[in-house]
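**Q** I would like to see how this sequence folds:
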Amino acid sequence: MRRFSILCSYVAGLAFIVSGFFKLLDPIGTGFIMEEYFRFLHLGFLRGIAVAAGIAVSAVEFILGGLLVIRFKMRFTAVAALVMMAFYMLLTLFLAIFNPPMDCGCFGEAVHLTHLQTFIKNIVLGLICLPPFFKRDSIEYTCRKWHVVYRLVLLAIPVIGLPLQSLLYRPFLDFTDYKPSTVLSDGVSGQADYSSAMSFVYEKGGERRSFGLDNLPDSTWTYVETVTVPVEDQGDDGMPLPLRDEEGKYVSDLFAHEKTMLISVYDPAAFDMDDWMTVKIFGDSVSAAGMSVIVALAATEEEGRRISEMIRYPVCYSDYKTLITLNRSNGGFTYVANLSYPTIVGKWAYRLMETGAPAMIAVEDPDVMLMHATIRRNSFMRIVALAYIVLMIV
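**A** Got it, this is the predicted structure:
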């Protein structure tokens, strides 16, 4: 029974860690989820602290999961985990009954579950938390003080580092509807992820094989070419990218250019004259590199005209939620290449605008650029996940 309780402690702890980790990756997205919960609970007046509340809840989940894995202070940790799961079960029971049009947000933007699935998941996880609770006095792990401190530091680093990375720049991993490799259907009608229609041809020992973005080979294979397979437009499936002109008409040929840099400002009021001059200088460098420039604002037409005169670029308009989903950074820039169909290749934060190198982006093959970014992201996350689990358990 003791070994079973230890196993349950590991399983519950890893579930808490994964849940907290994905939410810490994107505190703005988690803030949107918290807003929906506040609205459901008739606590709309707390909307202003949604992001902070999301970070706090995510941090508690992540730290509590780590404490369960290392079985630290189990008299407190096991009780806290069970109390949290009891609260989640009660909350998701109401969600399953009333079925409001909102996402549970259990794993941030990474995994989407129905309210019933979330409720069942919480019941199972609550049951897993029971054995550690009943055996909390006998399964606590005792170790040297420095070992405890070392593990607690490992828990604190992601709790502090991940939200800072996201808020100051942009999330390291993007799970939004406008993540890199997403294809935008011809301008405004909708978008769908056509990354499955892109295959990368590699060669090794005279053998050529095709790989998708999700299963790229190791470095022993040599890249040869990218093959894009035409696919039928999926119409309004997914989240559209509605960009309007001054007359309020949706623009349908925004990404007709081979390479486009889309600068999105979802909060123009936060920009001063220096910020707009930075946007103008960056836009000039992008244009000089042979790329098209689009500036999208969440603003009124009157504000847009004033900004357009200031930066000397035409602007288009969209809503706050669309632009912050497109790029979490206010003033961030998104590279869209026309690879048979407009495809999001990469995103950068406004803070990198002054150090960006549009000339380098313009000359690099967008297929290769997207492929390398995917390899770096997947490799880094595998290494971090493996190293973190090993360091926590050893």
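**Q** For this structure, which helix or strand comes out least confident on mean pLDDT?
**A** The helix or strand of the chain with the poorest confidence is strand 191-192; it has a mean of 42 (mean pLDDT, DSSP states H and E).
**Q** Following the chain past that one, name the next helix or strand.
**A** Next helix or strand after strand 191-192 toward the C-terminus (DSSP states H and E): strand 198-204.
**Q** Parallel or antiparallel, which strands does that next one pair with?
**A** Sheet pairing for strand 198-204, assigned by DSSP bridges, gives strand 207-211 (antiparallel), strand 222-228 (antiparallel).
**Q** ok now that strand, how far from the chain's centre?
**A** Centroid separation for strand 198-204 versus its chain: 27 Å, with CA atoms, centre = their mean, to the nearest Å.
**Q** and if you look at stretch 319-334?
**A** With CA atoms, centre = their mean, you get 12 Å for stretch 319-334.
**Q** What's the end-to-end length of it?
**A** 17 Å (CA to CA, to the nearest Å).
**Q** Show me the contact partners of that stretch.
**A** Contacts with stretch 319-334, where a contact means CB atoms under 8 Å, 6 or more residues apart in numbering, come from 26, 28-29, 32, 166, 169-171, 176-178, 239, 241-242, 261-267, 270-271, 275, 278-279, 282, 296-298, 344, 346-351, 353, 356. The C-beta positions use only the backbone N, C-alpha and C, and glycine is treated the same way.
**Q** Ile361 touches Val336, doesn't it?
**A** No - Ile361 is beyond contact range of Val336, at 11.5 Å (criterion: CB atoms under 8 Å).
**Q** more neighbours, those two?
**A** More crowded of Ile361 and Val336, by other CB atoms under 10 Å: Val336, with 26 against 21.
**Q** So what sits opposite the more buried one in the bridge?
**A** Beta-bridge partners recorded for Val336 (DSSP bridges): Thr260, Ile344.
**Q** and it, what is it in contact with?
**A** 184, 255, 259-262, 342-345.
**Q** now do 6 Å
**A** Contacts for Val336 (CB atoms under 6 Å, 6 or more residues apart in numbering) come out as 255, 260, 262, 342, 344.
**Q** and stretch 329-347, which residues are buried?
**A** For stretch 329-347, burial by neighbour count (16 or more other CB atoms under 10 Å) applies to 329-339, 341-347.
**Q** Measure how far that stretch is from the centre of its chain, please.
**A** Taking the mean of its C-alpha atoms, stretch 329-347 sits 16 Å from the chain's own mean (CA atoms, centre = their mean).
**Q** can you tell me the distance between the two ends of it?
**A** End to end - CA to CA - stretch 329-347 spans 9 Å.
**Q** switch to numbering from 20
**A** Taking 20 as the first residue, the last one we looked at is stretch 348-366.
**Q** Out of the contacts of stretch 338-353, name the ones that lie in strands.
**A** Counting by DSSP state E, the contacts of stretch 338-353 place 280-284, 315-316, 363, 365-367 in strands.
**Q** Farthest pair within the residues you listed?
**A** Leu316 and Gly365 (21.3 Å; CB to CB).
**Q** quick one, what contacts Gln270?
**A** Slight slip there: residue 270 is Val, not Gln. Counted by CB under 6 Å, 6+ apart, Val270 has contacts 262, 264, 335.
**Q** what about it, distance to Thr362?
**A** To Thr362, Val270 is 18 Å away according to CB to CB, to the nearest Å.
**Q** Ok, Met20 next?
**A** Using CB to CB, Met20 is found at 54 Å from Thr362.
**Q** Now do the domain split for this protein, please.
**A** The chain breaks down into these domains under automatic domain parsing: 21-187, 189-213+259-382.
**Q** which stretch of helix or strand covers Arg325?
**A** helix 320-330.
**Q** Just the buried residues of that helix, please?
**A** Neighbour-count burial for helix 320-330, counted by 16+ other CB under 10 Å, picks out 320, 323, 326-327, 330.
**Q** swap in stretch 383-398?
**A** 383, 385-386, 388-390, 392-394.
**Q** from those, which is closest to Leu146?
**A** Closest to Leu146 out of those is Thr393 (37.7 Å), distances taken as CB to CB.
**Q** Next, give phi and psi for the closest one.
**A** phi -70, psi -40 (degrees, to the nearest 10).
**Q** what's the least confident stretch among the strands paired with strand 217-223?
**A** Between the strands paired with strand 217-223, the one with the least mean pLDDT is strand 241-247; it has a mean of 65.
**Q** residues near the nearest residue to Met372 once chain neighbours are set aside, how many?
**A** Among residues not flanking Met372 along the chain, Phe301 sits closest, at 4.8 Å (CB to CB, 6 or more residues apart in numbering). Using other CB under 10 Å, Phe301 has 22 neighbouring residues.
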